[in-house]
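Trainee: sequence and predicted model, in that order:
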Amino acid sequence: MRGRTLVRLLILIVILAIVLYPLLWMLGTSVKSREEIATNIGLWPDVFTPGNFRDGWQNFDVSFGRFFVNSAMVAVLTVVGNAVSCLLAAYAFARLRFRMRKIWFAIMIGTLLLPGHVLIIPQYVLFKQLGWVGEPWPYLPLLVPQFLATEAFFVFLMVQFMRGIPVELDEAAKIDGASPYTVFRHVIVPLSRPALVTTAIFSFIWAWNDFFRQLVFLSDLQDYTVPVALTLFIDSTSESAVGPMFAMSLLSLVPVFLFFVAFQRLLVEGINTSGIKG
Amino acid sequence: MAVSIAPPAEVPAAPGPASRRGRGGPRRRENIAGYVFLSPWLLGLLGITAIPMLLSLYLSFTNYDALTDFSAVEWVGFDNYRKMFTADPSYWHAVRVTVEFALIAVPLKLATALGVALLLNKAFKGVGLFRGLFYLPSLLGGSVALAIVWVNMFNREGAFNSLLSVFGIHGKPWVNDPDWALETLMVLAIWQFGAPMVIFLAGLKQIPVELYEAASVDGANAWRQFRAVTLPMLSPVIFFNLVLETINGFQGFTSAFVLSNGTGGPVDSTLMYSLNLYIKGFTELQMGYASAMAWVFLVAIALITVVLFSTGRFWVHYADGEER
């Protein structure tokens, strides 16, 4: 029996090495010099070259700091938008009786399955007509949908969570004369904190990693977010840019990695219960 | 995993005389409140989803190019659809690339996820750390940074060839080889097996130990137990992952975009459907045509989901024997 456990552990360690190798290779390459990237095949650099980070940071007309600020702003506002709007919608679906509730709920589930690629062209046309593409409000196409609970997944997640909150709490409050608004404010919101935290973490990570929408809607260099800015390195595929490109790629993963470290247990449990994607 | 998608049960009305109050009573008040709370979502449904969908349906019958005015839009009937199906080889090529990607990457990813989940299912010291680290690539998911690393890893001077050279194999620039570029993207997708793995782990935990005990009393070996107990008991979770990953697989974009710098190359070998749609719509500005592509995509995804669900009836077992 002990032997078996050992074999199992050995197999797992081999798989883990394969899984972690690309990430470690990225880490190593980001601190290798141009010559070493071409010659040194190991993970570990002979000479540490922190200059890649400086060069990558200033590789374009706009500093990478600007891209990080843009990305952070989009991600934080996305979190706020999703948390507020999805919570409101979920409360209505989970707790309030109103006409056509079942129909709206079915439609909401339907939008869950709608691929984003299908909507991108008409949304682009619409937002462009509204003057929302480019200056002066380049991020409206990214943010407005988040404030209108279009991320049906989070609505669904919160509805599922709210079903677990005892109805007796609402009823007791109602008997005491509380309005639906009071119940929401004083019963549902405080008790929904775990679902809110899950929503916040995942919407931050998704917004941070999102590429498709940001690629489509951001047209001015100074408005670029980190993922879109990273593709600039590919455009300028000069050999010299590999080190800086890796350095910036690495930095771009840091926020998600920090979330991972801080919330590892919660993230893994989160997809356990809800089937959330990474 | 027993997440049902039926609407939440009716909330019972507040008992007593309160519910018999007429106009302006709790009943009406709750009706209004429902729509107040729902209003952001309704607005989003209308403005961000429904109207754009109708708009894209309309555009799919026009030659809209995003540059000229709306008034200059010309109705072309089914021309876009006809062109797509009969006169645009790149369209069918993209379909083939996407189907090939999904057919190979999804099963391998699920098999890897299940295999690792089985290895992790026994409790031992450090199991949580393993689980977390296997999940990490999934979390970094469709990020551009990861795609960049991947492309470079399978370059001529990349880590993969360095590894091969240790065994005396002379590698090639995999990402520039039309025969191998898509395969490197498949490997990337498989590498991100963490999310389905975690779902498998949750499913494995719910299989009653008694079933294994009974099976081993009957003399079933490990393989037989896996076939007779684990697979059927896990089939709803396998099904769930299969649907999720298939839909995801068909939507792959970021890695193909990064590998080919937005072209679908080399020689269209990574021209995934959504990348093709992006190129047609936003690079070549054939938005009418791209809208038609989007609608066919939507119908195809719906059909695939329906087909998966109908085959599911033959192999997905629910513990309570209930048809779903």
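Mentor: Done, it's in. Note that the coordinates shown come from a computational prediction; the quantities given were computed from them, not determined experimentally.

Trainee: buried stuff in stretch A:248-257?
Mentor: Residues of stretch A:248-257 classed as buried by neighbour count (16 or more other Cβ atoms under 10 Å in any protein chain shown): A:248-253, A:255-256. Heads up, the C-betas are built off the backbone N, CA and C, glycines and all.

Trainee: list the contacts of it.
Mentor: Applying Cβ atoms under 8 Å, 6 or more residues apart in numbering or on different chains, the external contacts of stretch A:248-257 come out as A:26-27, A:30, A:53, A:56-57, A:59, A:64, A:68, A:72, A:75, A:204-205, A:208-209, A:226-227, A:229-230, A:233, B:136, B:139-140, B:143-146, B:148-149.

Trainee: nearest spatial neighbour of A:Val197, chain-adjacent residues omitted?
Mentor: Spatially, and ignoring its direct neighbours in sequence, A:Val197 is nearest to A:Leu266 (7.1 Å; Cβ to Cβ, 6 or more residues apart in numbering or on different chains).

Trainee: centre of the chain to stretch B:110-129, how far?
Mentor: 23 Å (Cα atoms, centre = their mean, to the nearest Å).

Trainee: just to revisit the earlier point, quick check: the residue nearest to A:Val197 touching A:Thr198?
Mentor: Yes. A:Leu266 is in contact with A:Thr198 according to Cβ atoms under 8 Å; the separation is 6.8 Å.

Trainee: who has more neighbours out of these two?
Mentor: A:Thr198 (23 against 13; other Cβ atoms under 10 Å in any protein chain shown).

Trainee: touching the helix or strand where that one lies from outside, list them.
Mentor: Under the criterion of DSSP states H and E, A:Thr198 resides in helix A:193-209. The contact list for helix A:193-209, computed with Cβ under 8 Å, 6+ apart, reads A:71, A:74-76, A:78-79, A:82-83, A:86-87, A:142, A:146, A:151, A:154, A:157-158, A:161-162, A:226-227, A:255-256, A:259, A:263, A:266-267, A:270, A:274, A:276, A:278, B:139-143.

Trainee: and the lowest-mean-pLDDT helix or strand in chain A, how far from the chain's centre?
Mentor: Within chain A, no helix or strand scores below helix A:34-39, which has a mean of 76 by mean pLDDT, DSSP states H and E. When distances are taken as Cα atoms, centre = their mean, helix A:34-39 is centred 34 Å away from the chain's centroid.

Trainee: please save the CA atoms from that helix in PDB.
Mentor: Output of helix A:34-39 as PDB, limited to C-alpha atoms (Å, rounded to 0.1, in the frame of the first residue of the first chain):
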ATOM      1  CA  ARG A  34      19.600  38.600 -25.500                       C
ATOM      2  CA  GLU A  35      22.600  36.300 -26.200                       C
ATOM      3  CA  GLU A  36      21.700  34.000 -23.400                       C
ATOM      4  CA  ILE A  37      18.100  33.600 -24.600                       C
ATOM      5  CA  ALA A  38      19.500  32.100 -27.800                       C
ATOM      6  CA  THR A  39      22.200  29.900 -26.300                       C
END
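
Trainee: immediately after that helix, which helix or strand?
Mentor: Following helix A:34-39 in sequence, per DSSP H and E, is helix A:51-57.

Trainee: give the buried residues for that next one.
Mentor: A:52-53, A:55-57.

Trainee: and the stretch 151-300 of chain B, which residues reach chain A?
Mentor: B:152-153, B:157, B:159, B:162-163, B:165, B:191-192, B:194-195, B:198-199, B:201-202, B:240, B:244, B:247-248, B:250-251, B:253-254, B:257-258, B:261-262, B:274, B:277-278, B:281-282, B:287, B:290-291, B:294-295, B:297-298 (Cβ under 8 Å from any Cβ of the partner chain).

Trainee: tell me which of the residues you listed fall in helices.
Mentor: B:152-153, B:159, B:162-163, B:165, B:191, B:194-195, B:198-199, B:201-202, B:240, B:244, B:247-248, B:250, B:254, B:257-258, B:274, B:277-278, B:287, B:290-291, B:294-295, B:297-298 (DSSP state H).

Trainee: from those, list the buried ones, please.
Mentor: B:152-153, B:159, B:191, B:194-195, B:198-199, B:201-202, B:240, B:244, B:247-248, B:250, B:254, B:257-258, B:274, B:277-278, B:287, B:290-291, B:294-295, B:297-298.

Trainee: what mean pLDDT does stretch A:83-103 have?
Mentor: For stretch A:83-103, the mean pLDDT works out to 95.

Trainee: touching chain B at all, it?
Mentor: Yes. Between stretch A:83-103 and chain B, judged by Cβ under 8 Å from any Cβ, the touching residues are A:84-85, A:88-89, A:91-99, A:101-102.

Trainee: between those residues, which sits nearest chain B?
Mentor: Chain B has its nearest neighbour among those in A:Phe98, at 2.7 Å by Cβ to the nearest Cβ.

Trainee: how many neighbouring residues does that closest one have?
Mentor: Count around A:Phe98 with other Cβ under 10 Å applied: 20.

Trainee: can you report phi and psi for it?
Mentor: Here is the backbone geometry of A:Phe98 (degrees, to the nearest 10): phi -150, psi 160.
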